[in-house]
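Visitor: here is a sequence together with a model predicted from it:
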Amino acid sequence: MDNSNNDDLKDKIISLLAQYPFTYSLFQNFGNFYFRKSDRSFLFWLQFFTQQLENAYQRKKPVVWTNIFTPSELLYALDVIPIYPEMISASVASIGLANYFIEKAESNFYLPDLCSFYRVASGMYLRNCLPKPDLVISTSLLCDGSVRFFQNVSRYYHCDYFLIDPSYEENEKSLIYLTRELESLGKWVSERTDREFSLNTFRNCLALANESRLIIQKINQLRENSPAPLSGWNALAYQLYMYFSSLGSEAGLEFYEILSQEVEKHVAQGEGVINQEKARVLWLHQLRPYYPNIIWQTLLDYDTVIAFEEISQVWWPEYNLAEPFLGLAKKILTNPGAGPINRRISSILNLIEKYHIDGAIHFNQRGCRQSCGGAPLIKEFLKMKKIPMLILDGDGIDARNYSEGQTRTRLEAFLEIISQKN
Amino acid sequence: MTLLTLSDIDNKIINKKDQQPFMTFFCSYTPEEIIMASGFQPKRVIPLGSDPSLANSFLDSNFCPYVRSILTWAMNLKQDKAMLPTVLVNSCDGMRRLYDVWNYYLKNSFVYFLDLPRKQEPASKEQFKLSLYRLKESLEEFTGKKITEEKLDMAIQQNNEFRTLLEKLDQLRQNQTIDLSSYDFLKLIPEGIQSSKRDYNHYLDNYIVELLKKATERDQRRKKAKLPHLLLTGTVLDNLELIKTIEEYGGFIDIADHCNGWRYYVNKIDEQEPDKMEAIAKFYLEKTACPRMLASEEREERLLEIIRARNIDGVIFYNQKFCDPSLFQIPLLREKIKLMGIPSLFLEGDFSLDISGQVKTRIQAFLEAIEFG
């Protein structure tokens, strides 16, 4: 029987639902009820996320698609609504819809060797399930795929694209180059949105980001405690969304105040993710699988906790409000994942010491060349420090690349080793 | 002047006596002119048959086979204590990670990592120029010799002449004025890069004369059967046997849009520019872009023009596996080609020595579909 008519109807319904702003209010209300026993920080994220999409569909302000390493501080200063396709892909995977979009992307020649985050995002725009961008702004941090994905988006929607392209080297000249590039971005957006770029607004956003930064630092300090007061599994999900998308906004500051209270409470009461920790793990790479999998449960079974994630560190200095663009340029240029691998290795070694780490897990996202390509060298350095490291092959979004048996075998073997260390 | 024969060329008789020491490189964005001016002979390494899987434990198995093959090749050289000075370019994630591993495991007498912006704007060009100056200074320090404007000028002229001769030869080939296969033509590029340009340009000049002489001698009225005209596009062509296979099955390759194909010779450096470093920076940033660069979009538009102008019958996307920039160019370009009613075929390279039976069958089927389409 030919099901193509049914499929067309299903596609139309999904696309219409995705484009209907009220869908997101409904989703939020449903979420508030369904997750009523969850942490306040999670519910806050849910509201932030759904509101962002609803506002974008209502075209309340210009919509800008962007990537996770474009500083959100600048986007809030530009008074636009940022949309993060990479992180939306993760959310889509967590509700089991990734394959629906992957199929569409692959049928349009977004081939399986490409990063699944971009395949889902491509499938989403091809199925008309994301708010149309007015502009596209991204950085070339940290990967080649990101640049080409966002360029394709701008071509698909016939809108302009600004690439922030930092140099490989970190020196005075490259800092000046990047600062000027960011300055020109302000003008570029103004010209295309008929909105005045206000330096005062920018400074206010940076001041908010500085406040959030201090709270994140406090949370990170509290995370040095054993038992670990915050779940690394959550830190790699909704908290990561806020980390990349909310700095520079009032909502961002409010979120971190809530999160900080939750962590403080756990520390004060001596509560942890696991009260009798046998081992503490550092999670390497900025993502984890977002579909149902056995990793977290297996860690818990072995009384092992993700004490910290390399992505959660605050690597950038406080912004000097007198030189706002310079501050952002520094943030981009000093990203531990940029430049030579030594930079990433040094930051990992610091985190290992700081968080009393027994072992590290590098999640090898299939299709992520920049991170996976550096994993064996990181392992070599960790070996010298006698820190076991597991390179765990997998996929954050495409469950077809996930093998439960293989993941379990490798993870259990690793956990046996690190739990014997203590 | 003694005219060299075709067999001389075929036997690769290259004057070795003033051969400079080699400096290896892997990316077409490496400024060969600066290397030449420093007294080295640039040599682009495309290590076919150097098992990429041997590098898996140093990088990742889902990683560009070119990069992995380079690493395997370099590790063998290291073992044989035969490492050569090298320039790497920050041209993609693969090369970035290769440099990390190289720096740690393979430290040789000279290894330089050159940064490369993705944009063509004046500020990016200035930034690239600074990087080129740093490379120049490093080479001067390494050799103890100054890279003068005269030496740069000479290198620019020689490389421009080389590229011009290649372009001329390819145009004669495309128009079927001379009898030269794409396979034989593409072989000349790596051969010329690693040869003394002065000598090789001389050979190429003679080669063209010889080929034209042969062409006039043969029956000009004999018309060739109409062959399916093809355009190939991608990053690096690893195995020229693929080209041979396509030609053996009756395809005629008009353009091989690869960094060691058409893109290598289609642009020239501005010889009138008094500031030679400026001219070099401008050339590399503005040349027909590889899929990693932001201007790749313009190249794609140019390819569409070529498809129209040359009545191309089919397009073959030939990419190295796991190359994200080139994989991302396929969906939109393929869609535009499809709208023009041109069929396309997608093939992936993996730096293996053989062209698999499956690939041969797909090429054959594609060419048949074009003929009967």
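Guide: Happy to help now that I have it.
Visitor: around chain A, pick out the residues from the stretch 251-373 of chain B.
Guide: Residues of the stretch 251-373 of chain B found near chain A, taking CB under 8 Å from any CB of the partner chain as the criterion, are B:291-292, B:294, B:297, B:321-322, B:324-325, B:327-332, B:334-335, B:346. (Glycine included, C-beta is placed from N, CA and C.)
Visitor: take the residues you listed and keep only those in strands.
Guide: Counted as lying in strands by DSSP state E, out of those, are residue B:346.
Visitor: now, of the residues of the stretch 251-373 of chain B next to chain A, which are buried?
Guide: B:291-292, B:294, B:297, B:321-322, B:324-325, B:327-332, B:334, B:346 (16 or more other CB atoms under 10 Å in any protein chain shown).
Visitor: so which of these sits lowest on pLDDT?
Guide: The lowest pLDDT within these belongs to residue B:297, with 89.
Visitor: residue contacts, that one?
Guide: A:151, A:155 (CB atoms under 8 Å, 6 or more residues apart in numbering or on different chains).
Visitor: number of nearby residues for the residue in the stretch 51-200 of chain B that chain A sits nearest to?
Guide: Nearest residue of the stretch 51-200 of chain B to chain A, counting by CB to the nearest CB: residue B:97, 3.3 Å away. Per other CB atoms under 10 Å in any protein chain shown, the neighbour tally for residue B:97 reads 28.
Visitor: same thing with residue A:397?
Guide: Neighbours around residue A:397, by other CB under 10 Å: 31.
Visitor: go on, residue B:81?
Guide: Around residue B:81 there are 6 residues (other CB under 10 Å).
Visitor: in which helix or strand does it reside?
Guide: For residue B:81, there is no host helix or strand (DSSP states H and E).
Visitor: how close does it sit to residue B:108?
Guide: 10 Å (CB to CB, to the nearest Å).
Visitor: so what secondary structure elements neighbour the top helix by length along chain A?
Guide: Taking DSSP state H as the criterion, chain A has its longest helix at helix A:199-222. Applying 3 or more CB pairs under 8 Å, 6 or more residues apart in numbering or on different chains; DSSP states H and E, we find helix A:199-222 packed against helix A:72-77, helix A:250-268, helix A:324-333.
Visitor: follow-up on the earlier one: and of the buried ones among the residues of the stretch 251-373 of chain B next to chain A, the nearest to chain A?
Guide: Using CB to the nearest CB, those come closest to chain A at residue B:328, 3.3 Å.
Visitor: just checking, that closest one touches residue A:149?
Guide: Yes: Residue B:328 is within contact range of residue A:149, at 6.4 Å (criterion: CB atoms under 8 Å).
Visitor: the closest residue to the residue of the stretch 51-200 of chain B closest to chain A other than its chain neighbours - how many residues pack around it?
Guide: Sequence neighbours aside, residue A:373 is the residue nearest to residue B:97 in space, at 3.3 Å (criterion: CB to CB, 6 or more residues apart in numbering or on different chains). The tally of other residues near residue A:373 (other CB under 10 Å) stands at 27.
Visitor: how about residue A:79?
Guide: Residues near residue A:79, counting by other CB under 10 Å: 16.
Visitor: so it sits against residue A:63, correct?
Guide: No: using CB under 8 Å, residue A:79 makes no contact with residue A:63, being 11.8 Å away.
Visitor: avg pLDDT for stretch A:156-171?
Guide: 96.
Visitor: buried residues in that stretch?
Guide: Going by 16+ other CB under 10 Å, stretch A:156-171 has these buried residues: A:156-157, A:159, A:161-170.
Visitor: quick one: secondary structure of the closest residue to residue B:296 other than its chain neighbours?
Guide: Nearest non-adjacent residue to residue B:296, counting by CB to CB, 6+ apart: residue B:289, 4.6 Å away. Three-state assignment for residue B:289 (DSSP: H, G, I helix; E, B strand; the rest coil): coil.
Visitor: any idea of the pLDDT on residue B:289?
Guide: 95.
Visitor: pretty sure it sits against residue B:298.
Guide: Yes: in terms of CB under 8 Å, residue B:289 counts as a neighbour of residue B:298; the distance is 6.8 Å.
Visitor: who's more crowded, these two?
Guide: More neighbours surround residue B:289 than the other of residue B:289 and residue B:298, with 20 against 14 (other CB under 10 Å).
Visitor: just to be sure, residue B:318 is in a strand?
Guide: Yes: applying three-state DSSP, one finds residue B:318 inside a strand.
Visitor: who's in contact with it?
Guide: Applying CB under 8 Å, 6+ apart, the residues contacting residue B:318 are B:232, B:233, B:234, B:237, B:242, B:258, B:347, B:348, B:349.
Visitor: if we go to 10 Å?
Guide: B:232-239, B:242-243, B:246, B:256-258, B:261, B:326, B:345-349, B:359 (CB atoms under 10 Å, 6 or more residues apart in numbering or on different chains).
Visitor: would you mind measuring from the residue in the stretch 301-422 of chain A that chain B sits nearest to to residue B:343?
Guide: Of the residues in the stretch 301-422 of chain A, the one nearest chain B is residue A:373, at a distance of 3.3 Å by CB to the nearest CB. Residue A:373 sits 35 Å away from residue B:343, taking CB to CB as the criterion.
Visitor: before we move on, the earlier item: narrow the contacts of residue B:318 to those in helices?
Guide: Per DSSP H, the contacts of residue B:318 map to helices at B:242, B:243, B:246, B:326, B:359.
Visitor: would you turn those residues into JSON lines with pLDDT and neighbour count?
Guide: Converted to JSON lines, the ones in helices among the contacts of residue B:318 look like this (pLDDT from 0 to 100; neighbours: other CB atoms under 10 Å in any protein chain shown):
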{"residue": "B:242", "pLDDT": "95", "neighbour count": "21"}
{"residue": "B:243", "pLDDT": "96", "neighbour count": "24"}
{"residue": "B:246", "pLDDT": "96", "neighbour count": "27"}
{"residue": "B:326", "pLDDT": "93", "neighbour count": "25"}
{"residue": "B:359", "pLDDT": "94", "neighbour count": "17"}
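Visitor: tell me the one among those residues nearest to residue A:263.
Guide: residue B:326 (44.7 Å; CB to CB).
Visitor: who's in contact with the closest one?
Guide: Residue B:326 neighbours (CB under 10 Å, 6+ apart): A:144, A:148, B:92, B:233-236, B:258, B:290-292, B:296, B:317-320, B:348.
Visitor: what's the answer for residue A:120, then?
Guide: With CB under 10 Å, 6+ apart, residue A:120 has these contacts: A:85-86, A:88-93, A:97-102, A:104-105, A:110, A:290, A:396-398.
Visitor: excluding chain neighbours, what is closest to it?
Guide: Residue A:120 sits nearest to residue A:89 (CB to CB, 6+ apart), 3.9 Å away.
Visitor: okay, the residue of the stretch 101-250 of chain A found nearest chain B: pLDDT?
Guide: Per CB to the nearest CB, residue A:148 is where the stretch 101-250 of chain A lies closest to chain B, at 3.3 Å. Looking at residue A:148, its pLDDT stands at 95.
Visitor: residue B:253: what secondary structure?
Guide: strand.
Visitor: so what's the residue count around it?
Guide: Residue B:253 has 24 nearby residues by other CB under 10 Å.
Visitor: which residues does the residue nearest in space to the middle of chain B contact?
Guide: By CA atoms, centre = their mean, chain B has its centre lying nearest to residue B:260, at 1.2 Å. By CB under 10 Å, 6+ apart, the contact set of residue B:260 is B:28, B:44, B:46, B:186, B:189, B:190, B:193, B:235, B:236, B:237, B:238, B:240.
Visitor: neighbour-wise, give me the winner out of these.
Guide: residue B:235 (27 neighbours).
Visitor: go ahead and confirm it touches residue B:289.
Guide: No: contact between residue B:235 and residue B:289 fails when scored by CB atoms under 10 Å: they sit 11.5 Å apart.
Visitor: so what sits against both of these two?
Guide: In contact with both residue B:235 and residue B:289: residue B:263, using CB under 10 Å, 6+ apart.
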